[in-house]
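S.K.: the amino acid sequence is not available; the structure is as follows:
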């Protein structure tokens, strides 16, 4: 299968770039997305919607170099319980997690300005509950991404390109194999689905790329450095992923927030955990930052370990996209 180009993923699907070489044992997940975290085996009446504002912080540049500007965008996620059909035809109650990113912007080179582009990424992933290790059942994604390809182009015309593709993954019921299908939908693309089989059997936890941001909420990140496996679609391999090189865990921080939770304003400083994400191989790439709310009380977990902020570097060191939580609707359980 043709490798999905890195440029088409970094801007809008950051977690597909992470790869590390690390061992470990299977992760143990807790249902921190509920007020009562002990309800991991009971997925009934699950519902959660989150809305993030996406803003852009440009990098310092010199005259004659490519620059980018992005209008304020939105990123939305939804979590629901659903009766899932596994690859062998059996059914089991689990989750579906959907995301939708919408972002517009322009590139500039000297006095030249590109037309405004409108990028979108939508994804859906289904997986089993926490006692089953959040074992993935399948995922699908559609990406329209306009990405810079050169930091010092000779003209604006060759400075960026637009990717449009779909990517889906189906897992067997035993989680030993994955079938990934990539379809290039650009005007000059082949348009023919290309399929690749992956051997994903192993002793450590395997996660689908589209569930990673959610799954990290189920780990005690204040004391644990998470290590797991996932498909690196850029390289066409199954990679080990680590959230930190520090085995002792991550940095506890006070995060200033301003969002509405179930219609009530939350404007204060929350206990949180900052999680760095970066290549653990060569080249390392630019670090990304995730900030999750800390557990308040396992039996009364007010903020459900929600992702409060995410910072994603744009290709060619043009700046950083910052995702900030603005609205949250949580299940009452």
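M.R.: Looks like it came in fine. Just so you know, these numbers come straight off a predicted model, no measurement behind them.

S.K.: from now on I want contacts and neighbour counts done on CA atoms only, so please keep to that.
M.R.: Noted.

S.K.: where exactly do the helices run in the protein?
M.R.: 7-10, 212-215 (DSSP state H).

S.K.: what's the spacing between residue 28 and residue 99?
M.R.: Distance of residue 28 to residue 99, given as Cα to Cα, to the nearest Å: 24 Å.

S.K.: circling back to that earlier point, which one of the helices of the chain has the lowest average pLDDT?
M.R.: Among these, helix 7-10 has the lowest mean pLDDT, at a mean of 37.

S.K.: state the pLDDT value of residue 276.
M.R.: 78.

S.K.: spatially nearest residue to it (excluding sequence neighbours)?
M.R.: residue 289 (4.8 Å; Cα to Cα, 6 or more residues apart in numbering).

S.K.: my guess is that neighbour contacts residue 275, does it?
M.R.: Yes - under the criterion of Cα atoms under 8 Å, residue 289 makes contact with residue 275 at 5.8 Å.

S.K.: between these two, who's got more neighbours?
M.R.: It is residue 275, of residue 289 and residue 275, that has more neighbours when counted by other Cα atoms under 10 Å, with 21 against 16.

S.K.: and that one, what are its bridge partners?
M.R.: residue 290 (DSSP bridges).

S.K.: which ones are touching it?
M.R.: Counting by Cα atoms under 8 Å, 6 or more residues apart in numbering, residue 275 touches 221, 243-244, 250-251, 289-292.

S.K.: one more time with 7 Å, if that's ok
M.R.: 243, 250, 289-291 (Cα atoms under 7 Å, 6 or more residues apart in numbering).

S.K.: just give me the closest of those residues to residue 267.
M.R.: Using Cα to Cα, the shortest approach to residue 267 within the contacts of residue 275 belongs to residue 291, at 16.3 Å.

S.K.: need the pLDDT of that closest one.
M.R.: According to the prediction, residue 291 has pLDDT 95.

S.K.: my guess is it contacts residue 271. True?
M.R.: No - if you go by Cα atoms under 7 Å, residue 291 and residue 271 don't touch, sitting 10.1 Å apart.

S.K.: and these two? Which one has more around it.
M.R.: Neighbours per residue (other Cα under 10 Å) separate residue 291 from residue 271, with residue 291 holding more: 23 against 16.

S.K.: quick one: that one from residue 307, how far?
M.R.: Here the criterion is Cα to Cα. By it, residue 291 lies 6 Å from residue 307.

S.K.: flag the shaky bits of the stretch 151-300 of the chain, pLDDT-wise.
M.R.: Applying pLDDT under 70 to the stretch 151-300 of the chain flags residues 187, 189-190, 224, 244-249, 277-287.

S.K.: relative to residue 114, how far out is the residue nearest to residue 276?
M.R.: Applying Cα to Cα to residue 289 and residue 114 gives a distance of 29 Å.
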